[in-house]
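Peer 1: what shape does this take:
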Amino acid sequence: MPEMAFHEVVASRRTVRDFLPDPVPLEVLDRCLDAARRAPSSSNLQPWEFVVIRTPGARRVANAICLDQLPAKTAPLLLALVTHRDTWRRNRDEILRVFQSRGPMRKRQEAYYRKLIPMIYRMGPFGLLGPLKRAASRLLSLFRPTPNFMSRSDLRVMAHKSTALAAATFMLALRAEGYDSCPMEGFDPWRAAKLLHLPRGAEVNLFLAVGKRSEKGVWWDRILMPREWTVREL
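Peer 2: Below you'll find the model as predicted:
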């Protein structure tokens with residue numbers, strides 16, 4: 001399929017509810033996953049994991065976890081996109097390792113990842129430090145612009161936002177390759193965590209059904225909210 005211009009990809013991407021049985025070639029999947037890995041994330045900490053569900057047994061369980069929605073049952077490929085809140089140390093250390101391999105680090109780089117990131121991400125015993133950090137940043141904000149030093153719930157939101165950016169990049173990459181997707185937020189999160197063997201601090205952001213749309217895959221014409229509801233100037 002010829003390469004699509006970006007805006008054509010965006011316009012033609014739809015949430016597809018019914019798929020053809022045609023498999024997704026491994027090389028297509030790999031290109032799209034590598035595109036998603038380049039998505040932006042907070043502090044470049046990339047708190048996501050794409051889990052490709054391949055074995056028939058796991059797929060049957062995953063379909064049920066997704067409440068046997070039609071996209072899950074008909075798509076030739078199903079993935080779970082997982083948000084990890086507690087991988088920041090590992091990922092921070094890898095960023096520092098890469099920086100060091102490129103030569104002497106800038107002082108601001110080193111201070112950011114060695115001092116600021118731990119201050120933001122550490123929650124202390126029983127998570128008690130989080131509310132104190134958030135309260136302190138709110139108090140300072142009364143006097144000067146101050147970032148949110150993050151409670152546990154703030155970190156959870158931030159990690160899910162970054163993961164959603166990776167999901168959007170992946171879906172657009174699929175469309176550029178001529179494939180479709182359906183992001184599914186309707187699923188059993190407890191059974192999903194058990195199926196995927198998720199550690200504490202990890203959650204499923206969404207499931208993604210992937211394949212080529214059938215003739216009945218798009219249920220209705222796209223509806224956009226009025227532009228003045230969604231765009232404004234200050």
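
Peer 1: show me what the longest strand along the chain is packed up against.
Peer 2: In the chain, with assignment by DSSP state E, the single longest strand is strand 202-211. Using 3 or more C-beta pairs under 8 Å, 6 or more residues apart in numbering; DSSP states H and E, the elements in contact with strand 202-211 are helix 70-74, strand 77-84, helix 152-176, strand 180-184, helix 189-195. To be clear about C-beta, it is placed using only N, CA and C from the backbone, and glycine gets the same treatment.

Peer 1: could you dump the ones you listed into JSON lines with distance to residue 20, mean pLDDT and mean neighbour count added?
Peer 2: Listed next are the helices and strands packed on strand 202-211 as JSON lines, based on distance: least, C-beta to C-beta, whole Å; pLDDT from 0 to 100; neighbours: other C-beta atoms under 10 Å:
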{"stretch": "helix 70-74", "distance to residue 20": "8", "mean pLDDT": "97", "mean neighbour count": "20"}
{"stretch": "strand 77-84", "distance to residue 20": "12", "mean pLDDT": "98", "mean neighbour count": "22"}
{"stretch": "helix 152-176", "distance to residue 20": "14", "mean pLDDT": "96", "mean neighbour count": "19"}
{"stretch": "strand 180-184", "distance to residue 20": "9", "mean pLDDT": "98", "mean neighbour count": "24"}
{"stretch": "helix 189-195", "distance to residue 20": "26", "mean pLDDT": "98", "mean neighbour count": "15"}
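
Peer 1: including distance to residue 16, could these go into JSON lines?
Peer 2: Shown next, in JSON lines, are those (distance: least, C-beta to C-beta, whole Å):
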{"stretch": "helix 70-74", "distance to residue 16": "7"}
{"stretch": "strand 77-84", "distance to residue 16": "12"}
{"stretch": "helix 152-176", "distance to residue 16": "10"}
{"stretch": "strand 180-184", "distance to residue 16": "4"}
{"stretch": "helix 189-195", "distance to residue 16": "21"}
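
Peer 1: between these, which one is nearest to residue 234?
Peer 2: With C-beta to C-beta as the criterion, residue 234 lies closest to helix 152-176 of the helices and strands packed on strand 202-211, at 21.7 Å.

Peer 1: other SSEs contacting that closest one?
Peer 2: helix 6-12, helix 26-37, strand 48-53, strand 77-84, helix 129-141, strand 180-184, strand 202-211.

Peer 1: closest to residue 19 out of those?
Peer 2: Closest to residue 19 of these is strand 202-211 (C-beta to C-beta; 3.7 Å).

Peer 1: each with direction, which strands does that closest one pair with?
Peer 2: Take DSSP bridges as the rule and strand 202-211 pairs in its sheet with strand 77-84 (antiparallel), strand 180-184 (antiparallel).

Peer 1: then that strand to CSV, C-alphas only?
Peer 2: This file holds the C-alpha atoms of strand 202-211, laid out as CSV (Å, rounded to 0.1, in the frame of the first residue of the first chain):
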residue,chain,number,x,y,z
ALA,A,202,1.3,-1.9,36.9
GLU,A,203,-2.1,-1.6,35.3
VAL,A,204,-3.6,-2.2,31.9
ASN,A,205,-4.2,1.1,30.1
LEU,A,206,-6.3,-0.5,27.4
PHE,A,207,-6.6,-3.5,25.1
LEU,A,208,-6.0,-3.1,21.4
ALA,A,209,-7.7,-5.2,18.7
VAL,A,210,-5.7,-5.1,15.5
GLY,A,211,-6.3,-6.2,11.9
